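A.B. asks: have a look at this fold, sequence not included:
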């Protein structure tokens with residue numbers, strides 16, 4: 001099967017099961033229902049040198065040992081790869097490299113990739129005995145480039161290790177600040193981390209997501225104030241997008257991807273199908289959902305490291321309990337089914353979370369740690385017992 005990359009290859013991947021690599025989609029649907037991706041991986045760090053490499057020789061024929069690796073991942077679901085097509089012959093020319101910055105420039109020519117045999121989780125070795133193969137005639141890659149190209153998310157930029165999407169210019173630029181070291185932004189803006197491993201940062205204007213006029217009164221035309229924490233006390237101005245409430249959306253670090261008043265929210269970070277959901281004030285007696293109930297989606301530390309860095313995990317209330325999506329039927333204090341699910345829906349908001357407590361799950365009221373109000377008990381820090389995630393600013397009443 002002859003394939004070509006469907007877009008410019010981009011550098012990224014830190015924190016995922018693939019690690020640092022260059023990747024893009026491909027122009028052919030190989031079937032199976034999952035997605036397919038072309039991947040280049042370079043091993044050796046500072047020892048990598050420009051040159052032309054024969055991919056049919058020596059360690060280049062081993063997935064575990066290759067220094068210059070070309071592959072097509074076929075039918076990927078989550079972190080499961082149905083088939084890994086790995087280089088058996090061809091040529092890779094590396095014209096320029098700065099591995100420390102994720103910068104690679106070169107060309108791949110006449111590469112034949114053959115399925116390799118899985119030997120464990122994300123481990124492959126040895127070619128399968130098959131006539132199936134994937135062939136790429138030629139393509140070039142360049143992650144030195146990209147600054148100035150249009151974007152709505154850092155994921156649109158060619159190098160996630162060094163580049164972010166600037167909301168003012170709507171173009172890729174070098175990282176503007178370092179959120180991990182308290183980086184500052186001009187004009188009192190907020191430095192928001194754009195990738196949890198690369199620690200790139202972008203500057204956004206601050207706003208109050210729970211005030212009136214949040215669509216443009218604080219932020220300006222074409223922008224919307226999106227909450228940056230669960231309780232909705234702080235926000236940043238992000239670009240609005242083309243999708244309407246209830247429609248599928250493409251999340252982005254610089255955009256809500258949705259019309260003003262809504263944000264792109266996943267229903268599950270790993271297998272998520274992001275949709276535009278109207279924002280709401282979860283901890284208010286009148287959250288503001290017209291035809292549904294307000295809920296908080298609580299994310300694990302793992303989600304922030306792996307999936308939430310593309311902007312699909314909105315922090316703050318959304319009118320997400322609609323169209324058959326219901327909270328657990330348990331009332332506060334009662335046993336419930338799945339830990340982390342919303343419960344105790346009073347018609348305006350799902351006031352509780354199904355909380356794991358010593359081997360059993362019980363519906364507990366959610367509360368703000370800075371304004372602790374409970375119908376019974378006291379407000380204690382919410383910790384997801386299954387994985388130890390401390391949910392910032394939010395507690396449960398016990």
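C.D. replies: It's in. All values derive from a computational prediction rather than experimental measurement.
A.B. asks: residues in contact with the nearest residue to residue 183 once chain neighbours are set aside?
C.D. replies: Taking CB to CB, 6 or more residues apart in numbering, and ignoring the residues beside it in sequence, residue 183 has residue 177 as its nearest neighbour in space, at 3.3 Å. In short, each C-beta sits where N, CA and C put it, glycine included. Residues counted as contacts of residue 177 (CB atoms under 8 Å, 6 or more residues apart in numbering) are 183, 184, 185, 191, 201, 202, 203.
A.B. asks: what helix or strand does the fourth one sit in?
C.D. replies: Residue 191 is part of strand 190-193, with elements assigned from DSSP states H and E.
A.B. asks: quick check: which helices or strands does that strand pack against?
C.D. replies: With contacts taken as 3 or more CB pairs under 8 Å, 6 or more residues apart in numbering; DSSP states H and E, strand 190-193 sits against strand 201-204.
A.B. asks: need the contact partners of the next helix or strand after the strand it packs on.
C.D. replies: Going down the chain from strand 201-204, the next helix or strand is strand 206-207, by DSSP H and E. Contact partners of strand 206-207, identified using CB under 8 Å, 6+ apart, comprise 188, 189, 190, 214, 218, 219, 225, 234, 235, 236, 237.
A.B. asks: can you map out the strands along the stretch 51-200 of the chain?
C.D. replies: Chain-ordered strands for the stretch 51-200 of the chain, with DSSP state E, counting those that start in this stretch as the definition, fall at 51-54, 68-77, 80-98, 103-120, 123-127, 134-142, 163-166, 171-174, 190-193.
A.B. asks: follow-up on the earlier one: list only buried entries from the contacts of residue 177.
C.D. replies: 183, 185, 191, 201, 202, 203 (16 or more other CB atoms under 10 Å).
A.B. asks: and which of the residues you listed is nearest residue 292?
C.D. replies: Set against residue 292, the nearest of those by CB to CB is residue 202 (31.5 Å).
A.B. asks: any stretches of the stretch 1-150 of the chain with poor pLDDT?
C.D. replies: 15, 17 (pLDDT under 70).
A.B. asks: try 90 this time
C.D. replies: For the stretch 1-150 of the chain, applying pLDDT under 90 flags the ranges 12-20, 32-35, 44-47, 76-80, 120-122.
A.B. asks: same question for the stretch 251-398 of the chain.
C.D. replies: Segments of the stretch 251-398 of the chain classed as low confidence (criterion: pLDDT under 90) are 251-253, 265-275, 290-292, 297-315, 320-326, 340, 357-359, 384-389.
A.B. asks: helices of the chain, start to end?
C.D. replies: Using DSSP state H, the helices of the chain run over residues 301-306.
A.B. asks: how much space between the closest residue in space to residue 250 that isn't next to it in sequence and residue 397?
C.D. replies: Nearest residue to residue 250, sequence neighbours excluded (CB to CB, 6+ apart): residue 257, at 5.4 Å. From residue 257 across to residue 397, the span is 34 Å (CB to CB, to the nearest Å).
A.B. asks: the two: which is more packed in?
C.D. replies: Of the pair residue 257 and residue 397, residue 257 is the one with more neighbours under other CB atoms under 10 Å, namely 28 against 21.
A.B. asks: doesn't residue 67 make contact with residue 41?
C.D. replies: No - applying CB atoms under 8 Å, one finds residue 41 not in contact with residue 67, separated by 9.0 Å.
A.B. asks: count the neighbours of residue 134 for me.
C.D. replies: Residue 134 has 25 neighbouring residues, counting by other CB under 10 Å.
A.B. asks: contacts only, for it.
C.D. replies: For residue 134, the residues meeting the contact criterion (CB under 8 Å, 6+ apart) are 1, 2, 3, 72, 74, 85, 112, 113.
A.B. asks: redo that, cut-off 7 Å
C.D. replies: Residues in contact with residue 134 (CB atoms under 7 Å, 6 or more residues apart in numbering) are 1, 3, 72, 85, 113.
A.B. asks: now the buried members of those residues.
C.D. replies: Buried positions within the contacts of residue 134, assessed by neighbour count (16+ other CB under 10 Å), are 3, 72, 85, 113.
A.B. asks: distance of residue 389 relative to residue 355?
C.D. replies: When CB to CB is the yardstick, residue 389 and residue 355 sit 12 Å from each other.
A.B. asks: neighbour-wise, which of those two wins?
C.D. replies: residue 355 (24 against 18).
A.B. asks: I am finished for the moment; much appreciated.
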